[in-house]
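Asks: Sequence and predicted structure are below.
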2 protein chains.
Amino acid sequence: MGTGKIVLALDGMGGDHAPDVIVNGADIARERYPGTSFLLFGDPARLKPLVDKRKGLSQVLEIVPAEDAVLAEDKPSFALRRRRKSSMWLAVDAAAQGHADTVVSAGNTGALLAISMFAMRTIAGAHRPALASFLPTSRGETVMLDLGANLECDADNLAEFAVMGSVFAQVLLGLDRPKVGLLNVGSEEEKGHEELRQAAAWLRGEKSPVNFHGFVEGNDIGSGLVDVVVTDGFTGNIALKSIEGTAKVVFGFVGDAFKTSTFAKIGYLFASGAWNKLRKRVDPRRYNGGVFLGLDGVCVKSHGGTDALGFAYAIGVAVDLVRYEYKNKLAEGLTKLREVASAAEASPATLQASGGVE
Amino acid sequence: MGTGKIVLALDGMGGDHAPDVIVNGADIARERYPGTSFLLFGDPARLKPLVDKRKGLSQVLEIVPAEDAVLAEDKPSFALRRRRKSSMWLAVDAAAQGHADTVVSAGNTGALLAISMFAMRTIAGAHRPALASFLPTSRGETVMLDLGANLECDADNLAEFAVMGSVFAQVLLGLDRPKVGLLNVGSEEEKGHEELRQAAAWLRGEKSPVNFHGFVEGNDIGSGLVDVVVTDGFTGNIALKSIEGTAKVVFGFVGDAFKTSTFAKIGYLFASGAWNKLRKRVDPRRYNGGVFLGLDGVCVKSHGGTDALGFAYAIGVAVDLVRYEYKNKLAEGLTKLREVASAAEASPATLQASGGVE
């Protein structure tokens, strides 16, 4: 465990409710994580009055002027090239240059990915960063990645994501040997694209850097069969949104059912305590720490529409990643993966042909 | 609307609870759909006693002996080549040869796809068949395809699936101009793989054979934004299972919440009527008609684990596809699609480069 103060760079102007939510979130996080301090990037005229109202916060926070801001509609390439003076760019750069240990932004996801890739680069052994988050399941919480940073992934990417997700689960969920699964259309070894089967072959062995469970299917995400679900960014984005959408629809169905009759309404009155407790358990604000894994730095993406409590959770994720030395552990895991993959290339395993529905 | 008797070929030995569920399902369907008759393929020694017990059924059903059966663990290629005398093969062949109008099986999905592709071939204008089903949504029901028949799809496949799904929704859901969406990681035109953008370009025009909404995201499936969701078989399989898994988890959460306190238990007593009505609304047996669309024939796949009521629903899907002339309508739609695609090739539209998270 790392010691000493942790310095966080915050994008003060990113997100739907910036800067209020950013400042309030930082204030909540300050109380939760003593020993943290903040560099808050943005427009001083808007930030200073908010910070000055919070005495405790103003003692551990420094406002760093940024004259520009990335907009929600900016293309990543535009933000990367033309928003060099934005609060997002300067905050990421502060973390990349070592002035801060980590950066948190609720701004434009694609822009944040492009800027952090450019400023931080990927860590040695990783070809691409992936966007990861965790979800509530029947058994607790599961990490899923990639959620949309890479639409197409080869076997190297997928195997690296497995290592990134495993280390993330160790650090964030406190698990010793997180179980890792590759998302596929069936659990049998011969299923799916060749990329998947190649990645599985590397991860399966005795010297694997992760505790590999094998292939998992869509329904295994919610059941919590594994602690880490690895997939390409196209599939991951669609699976995540399908899950969020379904949860919303089913809660809606249940809510409607409570309104269908007088009996049901009375039932709701009695059950409302339990119902509210449940809603809290699946509160999306608790699952508000999307992280770009695989960078040579720590960059956390908060949902754009979050409130202060949600932003404080995202800060908490960043604090844990720094405190429990995510970057060093990831570098070790990726080194092990390279050794396994090189050994496999020296004696290539036979991969069977791709199979559809069986 | 077609007239006259409809003859259904049934795989009497396919599924976890065959042949009992098959015979009982046929008996329920016989009452629901007067004017249907059945060719039941399988082992007469096992089928005859079950059929003889049901007087009404035995008058409209003929048992056709089949000495072999496809097993759940058979590879598609094995079933195709080595199970020529199975109940599945003979039932599909009866429909392919015109002895029956359609075939229904609860057996091995991959085997059924391989056999029906071989025996029926694809319809003119379709490169590949797709597996389609419908799901309950906030607004009613939505058709989704492909659910796993094709792990990789090009633009032709996706555009053809859009036509297949649109005609399926017309016939099964009685919609005049079903809204069709292509599943993607964002709704903007420049998002996603090139295959998706090419298919969208064909479907978007004035002369399109479908009422094209554009790109939809994972959360739009459950909200019922469109009537037909089109995707490749890898993504569709994972999205479908993610949705099923999430619905199960959330219902589990709600059930647990009702048990957390005495108050909640009392609430459950009052609300149980509404709760049971809801469970009925999302009863998986009602969504038990997976269909291989795009064949030059009608082949319906029932879930392997279904009960008699579920199997009767699958028979109902087959009856509707025949009665409302699915095949003819599909042929028309595919012809229109070819015209649109040829015109586009004569004056190629410029497609923008692939974009990730934006």
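Replies: Arrived safely.

Asks: contacts, neighbours, all on C-alpha from now
Replies: Fine.

Asks: The helix or strand containing residue A:39 packs against which elements?
Replies: Element membership for residue A:39, per DSSP states H and E: strand A:36-42. Counting by 3 or more C-alpha pairs under 8 Å, 6 or more residues apart in numbering or on different chains; DSSP states H and E, the packing neighbours recorded for strand A:36-42 are strand A:6-11, helix A:20-32, helix A:55-60, strand A:61-65, helix A:87-96.

Asks: Can you lay out the ones you listed as TSV showing distance to chain B, mean neighbour count and mean pLDDT?
Replies: TSV is the format used below for the helices and strands packed on strand A:36-42 (distance: least, C-alpha to the nearest C-alpha, whole Å; neighbours: other C-alpha atoms under 10 Å in any protein chain shown; pLDDT from 0 to 100):
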stretch	distance to chain B	mean neighbour count	mean pLDDT
strand A:6-11	18	26	98
helix A:20-32	22	21	97
helix A:55-60	33	15	95
strand A:61-65	26	18	98
helix A:87-96	15	27	98
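
Asks: among the ones you listed, which is nearest residue A:219?
Replies: Closest of the helices and strands packed on strand A:36-42 to residue A:219 is helix A:20-32, at 34.2 Å (criterion: C-alpha to C-alpha).

Asks: Residue B:197: which of the helices and strands packed on strand A:36-42 is closest?
Replies: helix A:87-96 (30.8 Å).

Asks: Which elements pack onto the following helix or strand past the closest one?
Replies: As assigned by DSSP H and E, the chain's next helix or strand after helix A:87-96 is strand A:102-105. Applying 3+ C-alpha pairs under 8 Å, 6+ apart, we find strand A:102-105 packed against strand A:6-11, helix A:87-96, strand A:299-301, helix A:308-323.

Asks: Of those, which is nearest residue B:56?
Replies: The nearest among the helices and strands packed on strand A:102-105, by C-alpha to C-alpha, is helix A:308-323 at 63.1 Å.

Asks: now the angle from the closest one to helix A:20-32?
Replies: Taking axes from the mean of the first three to the mean of the last three C-alpha atoms, to 10 degrees, one finds that helix A:308-323 is oriented at 50 degrees with respect to helix A:20-32.

Asks: Can you dump the C-alpha atoms of helix A:308-323 in PDB for me?
Replies: What follows is helix A:308-323 as a C-alpha-only set of coordinates in PDB (Å, rounded to 0.1, in the frame of the first residue of the first chain):
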ATOM      1  CA  ALA A 308     -22.000  15.000  -6.400                       C
ATOM      2  CA  LEU A 309     -22.300  11.600  -4.600                       C
ATOM      3  CA  GLY A 310     -21.600   9.800  -7.900                       C
ATOM      4  CA  PHE A 311     -18.600  12.100  -8.600                       C
ATOM      5  CA  ALA A 312     -17.300  11.300  -5.100                       C
ATOM      6  CA  TYR A 313     -17.500   7.600  -5.900                       C
ATOM      7  CA  ALA A 314     -15.500   8.200  -9.100                       C
ATOM      8  CA  ILE A 315     -12.900  10.000  -7.000                       C
ATOM      9  CA  GLY A 316     -12.900   7.000  -4.600                       C
ATOM     10  CA  VAL A 317     -12.000   4.700  -7.500                       C
ATOM     11  CA  ALA A 318      -9.100   6.900  -8.500                       C
ATOM     12  CA  VAL A 319      -7.900   7.100  -4.900                       C
ATOM     13  CA  ASP A 320      -8.000   3.300  -4.600                       C
ATOM     14  CA  LEU A 321      -6.100   2.800  -7.800                       C
ATOM     15  CA  VAL A 322      -3.300   5.000  -6.700                       C
ATOM     16  CA  ARG A 323      -3.200   3.800  -3.100                       C
END
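
Asks: helices or strands next to that helix in the packing?
Replies: Partner elements for helix A:308-323 (3+ C-alpha pairs under 8 Å, 6+ apart): strand A:6-11, helix A:20-32, strand A:102-105, helix A:155-173, strand A:299-301.

Asks: try it again with 6 Å
Replies: When contacts are defined as 3 or more C-alpha pairs under 6 Å, 6 or more residues apart in numbering or on different chains; DSSP states H and E, helix A:308-323 sits against helix A:20-32.

Asks: quick one: the helix it packs on to chain centroid distance?
Replies: Relative to its parent chain, helix A:20-32 has a centroid offset of 19 Å by C-alpha atoms, centre = their mean, to the nearest Å.

Asks: coming back round to it: now do the very next helix or strand once past the strand holding residue A:39 against strand A:61-65, angle only.
Replies: Later in the chain than strand A:36-42, the nearest helix or strand by DSSP H and E is helix A:44-52. Using the same axes, to 10 degrees, the interaxial angle of helix A:44-52 with respect to strand A:61-65 works out to 170 degrees.

Asks: buried sites along stretch A:151-166?
Replies: Within stretch A:151-166, the residues that qualify as buried are A:151, A:153, A:155-166, counting by 16 or more other C-alpha atoms under 10 Å in any protein chain shown.

Asks: As TSV, those residues with pLDDT and distance to residue B:332 would be great.
Replies: Putting the buried residues of stretch A:151-166 into TSV (pLDDT from 0 to 100; distance: C-alpha to C-alpha, whole Å) gives the following:
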residue	pLDDT	distance to residue B:332
A:151	90	34
A:153	95	38
A:155	96	42
A:156	95	45
A:157	96	43
A:158	97	42
A:159	97	46
A:160	97	47
A:161	98	46
A:162	98	47
A:163	97	50
A:164	97	50
A:165	97	49
A:166	97	51
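
Asks: nearest to residue B:232, of the helices and strands packed on strand A:36-42?
Replies: Across the helices and strands packed on strand A:36-42, residue B:232 has its closest neighbour in helix A:87-96 (36.2 Å, C-alpha to C-alpha).

Asks: hang on, the earlier thing: nearest to residue B:9, out of the helices and strands packed on strand A:102-105?
Replies: strand A:299-301 (55.4 Å).

Asks: that older thread, could you dump the helices and strands packed on strand A:102-105 into JSON lines and include distance to residue B:40?
Replies: Formatted as JSON lines, these follow (distance: least, C-alpha to C-alpha, whole Å):
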{"stretch": "strand A:6-11", "distance to residue B:40": "68"}
{"stretch": "helix A:87-96", "distance to residue B:40": "67"}
{"stretch": "strand A:299-301", "distance to residue B:40": "58"}
{"stretch": "helix A:308-323", "distance to residue B:40": "59"}
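
Asks: what's the closest of these to residue B:216?
Replies: Of all the helices and strands packed on strand A:102-105, strand A:299-301 sits nearest to residue B:216, with 23.4 Å by C-alpha to C-alpha.

Asks: Parallel or antiparallel, which strands does the closest one pair with?
Replies: Strand A:299-301 sits in its sheet next to strand A:102-105 (parallel), strand A:290-293 (antiparallel), going by DSSP bridges.

Asks: can you tell me which of these comes nearest to residue A:189?
Replies: Across the strands paired with strand A:299-301, residue A:189 has its closest neighbour in strand A:290-293 (27.1 Å, C-alpha to C-alpha).

Asks: Which residues in the closest one does the neighbour count mark as buried?
Replies: Here strand A:290-293 shows A:290-293 as buried, counting by 16+ other C-alpha under 10 Å.
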